[in-house]
Structures are given as C-alpha cells and as structure tokens.
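J.: Quick one, structure for this:
(one chain, ligands or ions: 1)
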Amino acid sequence: MARAALPGRLGEPVPAGRLIWRAATLAAQRAETPTARTLVLDVPGWPGHLAGQHVDVRLTADDGYSTQRSYSLAAPADGERIELTVQEVDDGEVSPYLTRELVPGDALELRGPVGGWFTWRPQDTGPVQLIAGGSGIVPLMAMIRARRLAGSTAPFRLIYSVRSPGQVYYADELAALAGQPDGPQITYAYTRAAPAGWPAPPARLDAAAVTAAAWPADTAPACFVCGPTAFVEAVADILVSLGNDPGRVKTERFGPTGG
Ligand SMILES: Cc1cc2nc3c(=O)[nH]c(=O)nc-3n(C[C@H](O)[C@H](O)[C@H](O)COP(=O)(O)OP(=O)(O)OC[C@H]3O[C@@H](n4cnc5c(N)ncnc54)[C@H](O)[C@@H]3O)c2cc1C
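T.: Numbers count the residues shown, from 1 in each chain. Coordinates of the predicted model:
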C-alpha cells in the first residue's frame, strides 16, 4: 500500500524552523583527539534520524542571551541517545564550551534531525565514495556506522584528509572496520605531517590522489564530501573533473554557523 509522505517521517526533510527544541542531557563524553570530543546525549522524544543529518544546538546564558550552532549526528540513534563530535575552534563561542566545560548531567537544547539531501540509507546498495576533511568525518562516520549496524555490504571507500595522524577521529574503530572482510576501504591523506615511512610527503588532496583512491567515475558512486568550505569546493570540483555526475556529488560545508 502506498504511504503518504508525512512531514517529519524518518528521512523526510523538515525545515529547521518547524522542528521543536528538545531538552538534552549529557550522558557521557570521550576524547577523540586532544581538541575534539564526542558528546553522548540523552534526548527524550528523539524521533530517530538518517546518517548524514545534523542537529542545531542552542545554548542560553543566565541573562537570556542565546546562540546556536549546527553539529552532525555522528552515529545512528540508540533509542533516545545520540552522539555528536565537536572540534574545538580557537576563540570559538560555542565549541570550546562543548568540548571543555560541559560535564555529564549538564543540559542543553537541540532540534533536529535537520537535512535530507546529504544522507545515506542502508537500503542503498551501490558504491559509496566518502571524502572527509578534518571534522567533516563526523556525518561520514555516521554512514559507516549505519552500514555496519544494518549489515550492509554496499561497497564503501573513504578518503580522510587530516593535518596529522594525531588528528584522526575514531582511529581504532576505523582500523577495526577496515580490517573486516567487507569493511570500508580507507585511505588517509596528510596535509601537514605524515606518519614515519609514509610513501608521500604531506600535501592537500589533488586529482591524482583522488584518482588513486576513489571509485572510478564509471562505477557511478554516490559521493559524499564534508569538511571546511574550501576543502569541500575543491574536492567536489575534482570529482566532477574526473567524470562524476554533479548530481551524485553531495556536499556538506562546515562553515561558520550561528545567529
Ligand atoms: C551542517 C553543519 C554541520 C556541522 N557539523 C559539525 C560537527 O559535526 N562538528 C564540528 O566540530 N563542527 C560542525 N559544524 C561547525 C559548527 O557549526 C560551528 O561552526 C563550529 O563549532 C564553530 O563554532 P564556535 O561557536 O566555536 O565558533 P564561532 O564563535 O562561530 O567562530 C569563531 C571563529 O572561528 C571561525 N569558524 C567558525 N566555524 C568554523 C569552522 N567550522 N571551521 C573553521 N573556522 C571556523 C569563525 O569564522 C570565527 O573566526 C557544522 C556546521 C554545519 C553548517
């Protein structure tokens, strides 16, 4: 029986302004790198989400001043429990509070899930090309985790560009997943410092590096690119120049947000 497209059904994009703000409580946290922290939040009434979606987080001070930022969901929902990973931005207003000051039991507000375009669904079986720059790994990790949780064997490749080995998020989990028979193929690219013995000097991703590690365009991969705005634009241009259909290159820019 055909089902009507109800606004708000899992995966149907809902404009952020129509979402309600929910109270969330920090249940646990863990360091991913010296400057990035995963926040495990309990959100009563959480409706569920798709890999790739994000939330808006709102903080309100005692004097009523309020500000909000967007953060990608880092993992599939576990009931009413969600995870975000926040990179501390020097001199940032919100991220240092989330990474340094928030402690278990503290409350904040969030609304979501937001976004319906930059998403991967476990029923999608075709090849997937993920390309992350820095904290842009967060929604792509949600896709990798959703794939594992669903027992999907959709062929995944990840190119993960980081400044140095110490900046890799989820390093142990990624290594374990890559070692599994149907695990994702993972290629690291280092921009400032590479591990000892690494075959190439540190460099920004270029067309040759993407060609060497990515699915060829003739396999028609679904491409997801996430990171700082300049990174995303450069990589999306490379993917299209290599013959990928622009309509299959989906991007998420982690530029400044707020208001
Ligand atoms: C859809 C979406 C999803 C996002 N998901 C994540 C996520 O999963 N994890 C995460 O850590 N961040 C994510 N961000 C970025 C996040 O929303 C904030 O922009 C970031 O945390 C900085 O906020 P702040 O208040 O600390 O800095 P601000 O006080 O807003 O800015 C301080 C200074 O840092 C610069 N700046 C702000 N944001 C960035 C940035 N992202 N990179 C570099 N410089 C910046 C500003 O221009 C300013 O000069 C996402 C952004 C978007 C739009």
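J.: give me phi/psi at A212?
T.: phi -70, psi -30 (degrees, to the nearest 10).
J.: and this structure, which of its residues are near the ligand?
T.: 54, 69-72, 85-87, 89, 91-95, 135, 138, 228, 252, 254-258 (CB under 6 Å from any ligand atom). Any C-beta I mention is one placed from the backbone N, CA and C, and that applies to glycine too.
J.: Show me how far stretch 149-162 is from its chain's centre.
T.: Per CA atoms, centre = their mean, to the nearest Å, the displacement of stretch 149-162 from the mean C-alpha position of its chain is 12 Å.
J.: end to end, how far does that stretch reach?
T.: 26 Å (CA to CA, to the nearest Å).
J.: Residues contacting it, please?
T.: With contacts defined as CB atoms under 8 Å, 6 or more residues apart in numbering, stretch 149-162 is touched by 76, 122, 124-134, 137, 140, 143-144, 146-147, 168, 174, 182, 184-191, 204-205, 209-210, 213-215, 221, 227, 231.
J.: Now, the residues you listed that are in strands?
T.: 128-133, 185-190, 227 (DSSP state E).
J.: from the residues you listed, which is closest to the ligand?
T.: The ligand lies nearest to G227 out of those, by CB to the nearest ligand atom, at 9.0 Å.
J.: what about that closest one, how many residues close to it?
T.: Per other CB atoms under 10 Å, the neighbour tally for G227 reads 26.
J.: List the buried residues of the strand or helix carrying L149.
T.: According to DSSP states H and E, L149 maps onto helix 137-150. Residues of helix 137-150 classed as buried by neighbour count (16 or more other CB atoms under 10 Å): 137-148.
J.: How about stretch 147-166?
T.: 147-148, 152, 154-162.
J.: out of those residues, which one sits closest to V40?
T.: R148 (18.0 Å; CB to CB).
J.: Please name the nearest non-neighbouring residue to that closest one.
T.: L177 (6.5 Å; CB to CB, 6 or more residues apart in numbering).
J.: who touches the helix or strand that neighbour falls within?
T.: Using DSSP H and E, L177 sits in helix 171-178. Residues outside helix 171-178 that contact it (CB under 8 Å, 6+ apart): 141, 144, 148, 158, 160, 168, 183-186.
J.: Including pLDDT, could the residues you listed go into JSON lines?
T.: What follows is the contacts of helix 171-178, written out as JSON lines (pLDDT from 0 to 100):
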{"residue": "M141", "pLDDT": "98"}
{"residue": "I144", "pLDDT": "98"}
{"residue": "R148", "pLDDT": "96"}
{"residue": "L158", "pLDDT": "98"}
{"residue": "Y160", "pLDDT": "98"}
{"residue": "V168", "pLDDT": "98"}
{"residue": "G183", "pLDDT": "95"}
{"residue": "P184", "pLDDT": "97"}
{"residue": "Q185", "pLDDT": "97"}
{"residue": "I186", "pLDDT": "98"}
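J.: Which two of the residues you listed have the greatest separation?
T.: Pairwise distances across these (CB to CB) peak at 18.1 Å, for the pair R148 and V168.
J.: residue in the stretch 51-200 of the chain nearest to the ligand?
T.: For the stretch 51-200 of the chain, CB to the nearest ligand atom, closest residue to the ligand: G92, 2.0 Å.
J.: in the buried residues of stretch 147-166, which two residues are the furthest apart from each other?
T.: Maximum distance among the buried residues of stretch 147-166 (CB to CB): 25.6 Å, for S152 and V162.
J.: ok, of the contacts of stretch 149-162, which come out buried?
T.: Buried by 16+ other CB under 10 Å: 76, 122, 127-134, 137, 140, 143-144, 146-147, 168, 174, 184, 186-191, 205, 209-210, 213-215, 221, 227, 231, out of these.
J.: Show me the helices in the protein, by range?
T.: 95-96, 137-150, 171-178, 207-213, 229-241 (DSSP state H).
J.: what about R121, neighbour count?
T.: Quick note: R121 (other CB under 10 Å) scores 15 neighbours.
J.: List the buried residues of the longest strand along the chain.
T.: The longest strand of the chain (DSSP E) is strand 22-33. Neighbour-count burial for strand 22-33, with 16+ other CB under 10 Å as criterion, is recorded at 22, 24, 26, 29, 32-33.
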